[in-house]
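Asks: here are the coordinates; sequence isn't available:
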């Protein structure tokens, strides 16, 4: 097996074949596949002169408290039928992540097909993302909707810029390549459309929603993404969605990080009981479908700020990604001993202070703790994070973070 950079001239047909074999490529969408891969930094595993495994990353950012950190998003990992369970996907993805770590990214994230596979690369499972289904006519948002402008995939540059300007909460991810928004919009074909407003400077798109209709008549409609910069803009878009309720029977969307959408639904439990086991089922479902990991301990901890009680402790980290990287790789993970200080200005530095308590953790579990997915006392039960009882209790007291939500499909 040879791992090398993706070459579109040499590997395009092989990439299409791989995506077709795993069910990602539908007939007639070859150019969308090319567009998506071309917008990323891709690597392949070459077997007998043919690319048989492909992994790609996209540059982006992640919001952490009030800081913005450079992010490596693992945009795709695909393996052909003939080389399954050979370890190719793990090694190609490890190399892709390592290259981004050397380039300066502080953390990495991805959307997982199943929990467990990417744990071997140091990934820890993120928060539950809640998906709510509702009858748009039963939304309780008040006021007459403004007349929105239609948007199509042809508006991809402006739509992407609007997404990048959206309101960001803790954990929110933004991916830099505008071509990824174009690929997302084109993937929906004629069933995808955007509605929104140009209240920005010089007529820029200020807030919008992109929807995909399973059935143009009665739905369901799915909100692929929303972009807004204020609560009033969010309500603007919800009024537009409500106006579709004259015809559409069901809309699904991801719940924004700081809101409880059930607050805006009339008689949610009655609706859920009435629609159960139908095509128009309403209610809330949660799924933890994304994972993340720290790539740079010093930079990530420097972004952390806690008020009140300060806390210092040792961390002994293990990092499984090293097993899948060459011995001479310039970055082999973040394993080792650190002295961590949590305060208004926090830090992590290499070393060990025998006067301090020690936390033993995998980078998977520590990344979840640092991001705020779950408190130390919970991770000590279900994940690989262990320390003296007093240290675990102190971490629960000191490290209070909002639940992270990525707000972008990884």
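Replies: Perfect, thanks for sending it. Here the structure is a predicted model, which is why all the values come from computation and not from measurement. Numbering: from 1, shown residues only.
Asks: contacts, neighbours, all on C-alpha from now
Replies: OK.
Asks: wait, doesn't residue 261 sit right on residue 255?
Replies: Yes: using C-alpha atoms under 8 Å, residue 261 is in contact with residue 255, at 6.2 Å.
Asks: list residues touching both of the two?
Replies: Here residue 261 and residue 255 have residue 132 as joint contacts, going by C-alpha atoms under 8 Å, 6 or more residues apart in numbering.
Asks: Tell me the buried residues in the longest strand seen in the chain?
Replies: Using DSSP state E, we find that the single longest strand of the chain is strand 50-64. Using 16 or more other C-alpha atoms under 10 Å as the test for burial, strand 50-64 gives 51-64.
Asks: same question, stretch 9-28
Replies: Buried, per 16+ other C-alpha under 10 Å, within stretch 9-28: 11, 12, 14, 15, 16, 17, 18, 19, 20, 25.
Asks: Can you list the residue ranges for strands in the stretch 51-200 of the chain?
Replies: Applying DSSP state E, counting those that start in this stretch to the stretch 51-200 of the chain gives strands spanning 67-79, 107-111, 124-125, 129-134, 149-151, 173-175, 192-197.
Asks: I'd like to know which of those lies nearest to residue 374.
Replies: Across the strands of the stretch 51-200 of the chain, residue 374 has its closest neighbour in strand 124-125 (10.0 Å, C-alpha to C-alpha).
Asks: and that closest one, how far out from the chain's middle?
Replies: Centroid separation between strand 124-125 and its chain, computed with C-alpha atoms, centre = their mean, to the nearest Å, is 11 Å.
Asks: Parallel or antiparallel, which strands does that strand pair with?
Replies: According to DSSP bridges, strand 124-125 forms sheet pairs with strand 290-294 (antiparallel).
Asks: following the strand it pairs with, which helix or strand comes up?
Replies: The helix or strand immediately downstream of strand 290-294 is helix 297-302, counting by DSSP states H and E.
Asks: ok, and what's touching the helix or strand that comes right after that following helix?
Replies: Note on helix 297-302: by DSSP H and E, the next helix or strand toward the C-terminus is strand 311-318. Outside of strand 311-318, the residues within contact range by C-alpha under 8 Å, 6+ apart are 334-343, 352-353, 356-363, 391, 394-395, 398.
Asks: let's see it at 7 Å
Replies: Strand 311-318 has contacts (C-alpha atoms under 7 Å, 6 or more residues apart in numbering) with 335-343, 352-353, 356-363.
Asks: what about the closest residue to residue 151 other than its chain neighbours, how many residues close to it?
Replies: In this structure, residue 151 finds its nearest non-sequential neighbour in residue 194, 4.5 Å apart by C-alpha to C-alpha, 6 or more residues apart in numbering. Residue 194: 22 surrounding residues under other C-alpha atoms under 10 Å.
Asks: Neighbours of residue 328, how many?
Replies: Neighbour count of residue 328, defined by other C-alpha under 10 Å: 7.
Asks: Quick one: the helices in the stretch 101-250 of the chain, in order.
Replies: Under the criterion DSSP state H, counting those that start in this stretch, the stretch 101-250 of the chain carries helices at the ranges 156-164, 178-187, 231-243.
Asks: Which one of those helices lies nearest to residue 74?
Replies: Nearest of the helices of the stretch 101-250 of the chain to residue 74, taken as C-alpha to C-alpha: helix 178-187 at 12.8 Å.
Asks: what's the average pLDDT for the closest one?
Replies: What helix 178-187 shows for mean pLDDT is 96.
Asks: Ok, stretch 308-325 next?
Replies: What stretch 308-325 shows for mean pLDDT is 96.
Asks: in it, what's buried?
Replies: Residues 310-322, 324-325 are the ones in stretch 308-325 that count as buried (16+ other C-alpha under 10 Å).
Asks: do stretch 271-282 as well
Replies: Result for stretch 271-282 [16+ other C-alpha under 10 Å]: buried residues 271, 272, 280, 281, 282.
Asks: Residue 152 reaches residue 191, doesn't it?
Replies: No: look at residue 152 against residue 191 with C-alpha atoms under 7 Å: they stay out of range, at 10.4 Å.
Asks: Quick one: end-to-end distance for stretch 262-273.
Replies: One end of stretch 262-273 to the other measures 15 Å (C-alpha to C-alpha, to the nearest Å).
Asks: Okay, buried residues for it please.
Replies: 262, 264, 265, 266, 268, 271, 272.
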